[in-house]
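Asks: Next input, structure requested:
(one chain, ligands or ions: 1)
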Amino acid sequence: MKGHAESAAPFVANEPRAHWHDESLWFVRVKRDRQAATVPEWEDLRSTASAIKAHTLSRLADYLEEFERNATANGIHVHWARDGAEHNAIVLKILNDHGVKRLVKSKSMLTEECHLNPYLEAHGIEVTDTDLGERIVQMRKEPPSHIVLPAIHLKKEDIGELFHIQLGTEKGASDPKYLTEAARGHLRERFLGAQAGLTGVNFAIASTGGVVVCTNEGNADMGTSLPPIHIASMGVEKIVPRPRDLAIFLRLLARSATGQPVTTYTSHFHGPLPGGEMHVVIVDNGRARILGEEAFRRSLSCIRCGACMNTCPVYRRSGGYSYGYTVPGPIGSILGPQRDPAAYGSLPFASSLCGSCTDVCPVKIDLHHELLAFRQELAKKGYLPWQKRFSMWVMGQVLARKWAFLLGGRLMRTLMPLLPRALVYGPWNPWGKQRELPPMPRESFRDLLKKEPR
Ligand code: SF4
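Replies: From the prediction side, this is the model:
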């Protein structure tokens, strides 16, 4: 599998689009800052959320069993899935048992992780993603490029062209209101024809046995109010102990995600519709293994707000597809290599380690330190490419010897200005692909310091 830098190349090559993507996400980051500033106790909320998550993870099995007991008492069928394959098989069985051929889905990164859509489609089920951004990328046969803003890599003109082809809108139309109306009409037909609805789960409350889904479009409510069967897919880490814990996370989630005070719809599901059925599928899919890794278990606290992506200079300039993993950005760069270090080993290096992700994370995951720790882990386990291992070895030798360091500096200052450009900016210099190296100083810092009056 290609590394992050190679995968980012096509996105980065389109400079105007990369710049526009960068600015669009920074706009969301600024909105987040404004909202956070309106809450005087913001830092207390973050600390409390972090403590609740740490406590819950330390008693995860107990809280999950409490949830199962209470959900079952509410008339919900609870299923357990070890991995994505089991999750998909459980969902398919529920659908087949009820003769369902048309399913509407609201946004769920877990089902993306499990590759549910292609699995169901291969078994003859028509799946419609009903979140507008997700529907757009589904029509383009692409995965989401961002966990909250799935189509953020697309301009309104791209969507106008897509809707013209798929929905018959006017050619060249790119007015967002017009396009949204067209999507609304199209989705309404799908909602009315659906035989079952599937949602993700933002939070599951152990003490009440209910689940909470946050959306801005009300699509989760439409998809679960019209068809009689509701399936909710949740990762084991979505559990919170009590409703009062939920209040902390709800104040943090929308502000961090999109800079709104609250999501437009915060829907609580505590049982099936009259005459209907509700199923919750609780999925592990590698999470228990992460829980066993002391250095990285805090990554399970993530509430998938996307704030770390909106602020990350690498994500903003390289786009979500450059990560090649379901969850991109700083948190994806920790989760991906935990799942498969050989495939995703380049991701912890796709970071400037500036720490901006850690600063905005509503649950205080120490993202940039975890990324640094992961680099060390990958190096220890031999997952670094030989070029990087060799260059680091050379650098280690130079830095360990004062004479080698001084000589190396002098050689670079003298030779670099004389070398042909093709040699300096060859394929061995990824740093110079889009940047000019700074001019070599004539004197070293040490020489300059010596000249300073004492
Ligand atoms: S790691 Fe933190 S900032 Fe990033 S998506 Fe998760 S909760 Fe949000």
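Asks: Just want the most central residue of the chain.
Replies: residue 327 (3.4 Å; C-alpha atoms, centre = their mean).
Asks: My guess is that residue contacts residue 335. True?
Replies: Yes. In this structure, residue 327 is within contact of residue 335 by C-beta atoms under 8 Å, at 5.5 Å. All C-beta spots, glycine's among them, are computed from the backbone N, C-alpha and C.
Asks: Tell me which residues touch the residue nearest to the centre of the chain, please.
Replies: Residues in contact with residue 327 (C-beta atoms under 8 Å, 6 or more residues apart in numbering) are 109, 113, 147, 304, 335-336.
Asks: Next: residue 78.
Replies: 67-68, 71-72, 279-280, 282.
Asks: mind running it again at 7 Å?
Replies: Applying C-beta atoms under 7 Å, 6 or more residues apart in numbering, we find residue 78 in contact with 68, 71-72, 280, 282.
Asks: Kindly report the same for residue 303.
Replies: Neighbours of residue 303 in contact, by C-beta under 7 Å, 6+ apart: 249, 253, 362-363.
Asks: Next one: the closest residue to residue 343 other than its chain neighbours from the ligand, what distance?
Replies: Of all residues not flanking residue 343 in the chain, residue 1 sits nearest, at 4.7 Å (C-beta to C-beta, 6 or more residues apart in numbering). Distance check for residue 1 against the ligand: by C-beta to the nearest ligand atom, to the nearest Å, it reads 23 Å.
Asks: any idea of the pLDDT on residue 1?
Replies: pLDDT, residue 1: 79.
Asks: Count residues in the vicinity of it, would you?
Replies: If you count neighbours by other C-beta atoms under 10 Å, residue 1 ends up with 12.
Asks: how far away is it from residue 221?
Replies: Using C-beta to C-beta, to the nearest Å, residue 1 is found at 38 Å from residue 221.
Asks: Please apply the same query to residue 277.
Replies: 17 Å.
Asks: do the same with residue 263
Replies: Taken as C-beta to C-beta, the span from residue 263 to residue 221 is 12 Å.
Asks: and what of residue 175?
Replies: 27 Å.
Asks: Looking at those two, which one has more neighbours?
Replies: residue 221 (17 against 12).
Asks: Can you give me the distance of the residue nearest to that one when sequence neighbours are not counted to the ligand?
Replies: Distances taken as C-beta to C-beta, 6+ apart place residue 267 nearest to residue 221, at 5.4 Å, with adjacent residues excluded. To the ligand, residue 267 is 20 Å away according to C-beta to the nearest ligand atom.
Asks: Looks to me like residue 267 is in a strand.
Replies: Yes. Per DSSP: H, G, I helix; E, B strand; the rest coil, residue 267 lies within a strand segment.
Asks: number of nearby residues for it?
Replies: 18.
Asks: What's the separation between it and residue 241?
Replies: 20 Å.
Asks: could you show me where the helices are in the stretch 1-150 of the chain, in order?
Replies: For the stretch 1-150 of the chain, the helices defined by DSSP state H, counting those that start in this stretch occupy 4-13, 15-37, 42-58, 60-73, 84-97, 109-113, 116-122, 132-139.
Asks: Can you say which of those helices is nearest to residue 215?
Replies: helix 132-139 (10.4 Å; C-beta to C-beta).
Asks: Please work out which residues outside the closest one touch it.
Replies: Residues contacting helix 132-139 (C-beta under 7 Å, 6+ apart): 107, 129, 143-144, 149-151, 154, 159, 162, 166, 180, 183, 187, 217.
Asks: Next, the angle from the following helix or strand past it to helix 132-139.
Replies: Per DSSP states H and E, the first helix or strand lying C-terminal to helix 132-139 is helix 156-167. Using axes from the mean of the first three to the mean of the last three C-alpha atoms, to 10 degrees, the direction of helix 156-167 lies 60 degrees away from that of helix 132-139.
Asks: and helix 156-167, which residues are buried?
Replies: Neighbour counts over helix 156-167 (16 or more other C-beta atoms under 10 Å) mark 159-164 as buried.
Asks: And those residues, which is closest to the ligand?
Replies: Nearest to the ligand among the buried residues of helix 156-167 is residue 159, at 24.7 Å by C-beta to the nearest ligand atom.
Asks: In terms of helices and strands, where is residue 181?
Replies: Judged by DSSP H and E, residue 181 forms part of helix 176-193.
Asks: what residues does the protein put near the ligand?
Replies: Contacts of the chain with the ligand, taken as C-beta under 6 Å from any ligand atom, map to 256, 302-308, 331, 360-363, 365, 367.
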